[in-house]
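A.B. asks: Fold the following, please.
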Amino acid sequence: MALRILHTADWHLGQSFYEYDRMPEQERFLNWLRDTLVEKEAGVLIISGDIFDVSNPPAAAQRLLYTFLREVTTLLPGLQVVCIAGNHDSAARLESPRSLLEVFNVRVTGTVGRDAGGRPDYGALRIPLKGRTGTTEAWCLAVPFLRPGDFPAGSGTGEGSYAAGMTAFYREAVTEALGHCESGQALVVTGHLHTAGALTTGEDKCERPILGGLEFVPAGAFGTEAAYVALGHIHRPQTVDGLRHIRYAGSPLPMSFSEEHYPHQVVCVDLENGLLKDLEALPVPVTVPLLSVPPRPQPLLQVLEELEKLPPASTQRHSAPYLRVRVLLDGPEPSLRIQVEKALENKEVRLAKIEVSYPGRDQEEQQEGEGVSRLDTLRPLDLFRRRYQALYNREIPQELVELFHIAVTETESGDLAPGLQE
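C.D. replies: Below is the predicted model:
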């Protein structure tokens, strides 16, 4: 029989958008997702990480999640929900209500344990996905965001060690899971990671490289046996290496103005007889749009004229667009914000950001070449390479690259070695 899965990711519940509370937007999305699950008669919901925006989310965001889970499992008693932790989530916090959630057929995977032999406990990540008749139609390998300590022994050494460790983990996990797949049963794999070649804007803090640019994982890490690979972390929905079955669902709401023109969606996947039968992208309704005025930076007087043309305020302030004002200045303008706010009085927008540009700056940066880039788009390893080259006029020795990798990894995990804690 066919098994229908809805794949989503990167909810970032509890996020504030330039200090605006997004809880009403996120609640409307979850209500739409609840209704869509019912309409599509889905059997499985997969949430591929970054459920919350921060590791210690506000109580209201947690309440939003658990209310949604209670509602969907009540409306669809046979629904299975698979949640994995992302790099923004606290794995321990997400797993803490596991025993209670399992009563409602909700499985949460935040951490990777070890078996008696000290190997990653792949069996604990394997979840049977049931069809309407109660038979196992597929197996889900629920892999959360991985850290180097999760890798198989000996697989995380040398340059590119993170990618090598990830590849070794997935190859062993997939091989173990395939040993439990009977004829006609599909394998579904999850992940929260950054694949090599994935398209990003480079401006969104949520989807920047996690471990200093050393963690890009090749599509080949997942093998060829999975019927579907449900990924999270990258907010632009896309396939990986053009492979239809390896896919980022993308974020349901824009997390920054760099995502203003992204499509936002969840993915509906049908599996049958162990294979991917059909796949459909379901657009998420936009309840609060992003608006940039003007689309490209313009002189202040022209910008103020365009702001004056915006629609007048209504009573529907909860759906008023978030506004980015883009201004081109010749020099400092101390009264800029005052002038912008005056032009926006009683307008149907919420001012989020005033973005200032100066003539010639972009052109000068481009002419200076690749030697100068905006710091917020550079990876730590790139900065280290450039600084070392400038000081010593030669490439970084391999042993320093490996030490840098260790330092970045331990800094991200908060587990610094004694000599690095000062």
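A.B. asks: What count of nearby residues applies to residue 87?
C.D. replies: 23 (other Cβ atoms under 10 Å). For the C-beta atoms, the positions are set from N, CA and C on the backbone; glycine is no exception.
A.B. asks: contacting residues for it?
C.D. replies: Residues in contact with residue 87 (Cβ atoms under 8 Å, 6 or more residues apart in numbering) are 49-50, 145, 192, 210, 233.
A.B. asks: Which strands and helices lie in contact with the helix or strand that contains residue 69?
C.D. replies: Residue 69 is part of helix 59-75 when elements are defined by DSSP states H and E. With contacts taken as 3 or more Cβ pairs under 8 Å, 6 or more residues apart in numbering; DSSP states H and E, helix 59-75 sits against helix 23-40, strand 80-84.
A.B. asks: could you say what helices and strands the longest one packs with?
C.D. replies: For helix 23-40, the packing partners by 3+ Cβ pairs under 8 Å, 6+ apart come out as strand 2-8, helix 59-75, strand 265-272.
A.B. asks: So which of these is nearest residue 183?
C.D. replies: The closest of the helices and strands packed on helix 23-40 to residue 183 is strand 265-272. By Cβ to Cβ, the value is 13.2 Å.
A.B. asks: hmm, back to that, tilt between the helix holding residue 69 and strand 80-84?
C.D. replies: Interaxial angle of helix 59-75 relative to strand 80-84 (axes from the mean of the first three to the mean of the last three Cα atoms, to 10 degrees): 150 degrees.
A.B. asks: Would you mind getting the angle between helix 59-75 and helix 23-40?
C.D. replies: 10 degrees.
A.B. asks: quick one: average pLDDT of helix 59-75?
C.D. replies: The pLDDT scores in helix 59-75 average 97.
A.B. asks: now do stretch 248-258
C.D. replies: pLDDT averaged over stretch 248-258 gives 94.
A.B. asks: Would you mind writing the PyMOL command to select the buried ones in the contacts of residue 87?
C.D. replies: In PyMOL, this line selects whichever of those come out buried by 16 or more other Cβ atoms under 10 Å:
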select buried, resi 49+50+145+192+210+233
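A.B. asks: Out of the contacts of residue 87, which sit inside strands?
C.D. replies: Of the positions in the contacts of residue 87, residue 192 sit in strands, assigned by DSSP state E.
A.B. asks: about what we covered before: deepest of the helices and strands packed on helix 59-75, which one?
C.D. replies: Neighbour counts (mean count of other Cβ atoms under 10 Å) averaged over each of those peak at strand 80-84, with a mean of 24.
A.B. asks: That one pairs with which strands?
C.D. replies: Paired neighbours of strand 80-84 in the sheet (DSSP bridges): strand 44-48 (parallel), strand 106-109 (parallel).
A.B. asks: The helices and strands packed on helix 59-75: which one's closest to residue 7?
C.D. replies: That would be strand 80-84 among the helices and strands packed on helix 59-75, by Cβ to Cβ, at 9.8 Å.
A.B. asks: next helix or strand past that closest one?
C.D. replies: Downstream of strand 80-84, the next assigned helix or strand under DSSP H and E is helix 91-95.
A.B. asks: Could you say which one of the strands paired with strand 80-84 comes nearest to residue 305?
C.D. replies: Closest to residue 305 of those, according to Cβ to Cβ: strand 44-48, at 44.6 Å.
A.B. asks: Mind checking the pLDDT average for the closest one?
C.D. replies: Per-residue scores along strand 44-48 average to 98.
A.B. asks: Give me the buried positions along that strand.
C.D. replies: 44-48.
A.B. asks: out of the residues you listed, which one sits closest to residue 263?
C.D. replies: residue 48 (17.1 Å).
A.B. asks: what about the nearest residue to the closest one once chain neighbours are set aside, how many neighbours?
C.D. replies: Excluding its sequence neighbours, the residue lying closest to residue 48 (Cβ to Cβ, 6 or more residues apart in numbering) is residue 232, at 3.2 Å. Residue 232: 31 surrounding residues under other Cβ under 10 Å.
A.B. asks: Next: residue 75.
C.D. replies: By the criterion of other Cβ under 10 Å, residue 75 has 12 neighbours.
A.B. asks: CA atoms only: put stretch 263-270 into PDB for me.
C.D. replies: The C-alpha trace of stretch 263-270 is given here as PDB (Å, rounded to 0.1, in the frame of the first residue of the first chain):
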ATOM      1  CA  PRO A 263       9.100  29.800  -2.200                       C
ATOM      2  CA  HIS A 264       8.000  28.400   1.200                       C
ATOM      3  CA  GLN A 265       6.500  24.900   1.300                       C
ATOM      4  CA  VAL A 266       6.200  21.500   2.700                       C
ATOM      5  CA  VAL A 267       6.800  18.400   0.700                       C
ATOM      6  CA  CYS A 268       4.200  15.600   0.200                       C
ATOM      7  CA  VAL A 269       5.800  12.300  -0.500                       C
ATOM      8  CA  ASP A 270       4.100   9.000  -1.600                       C
END
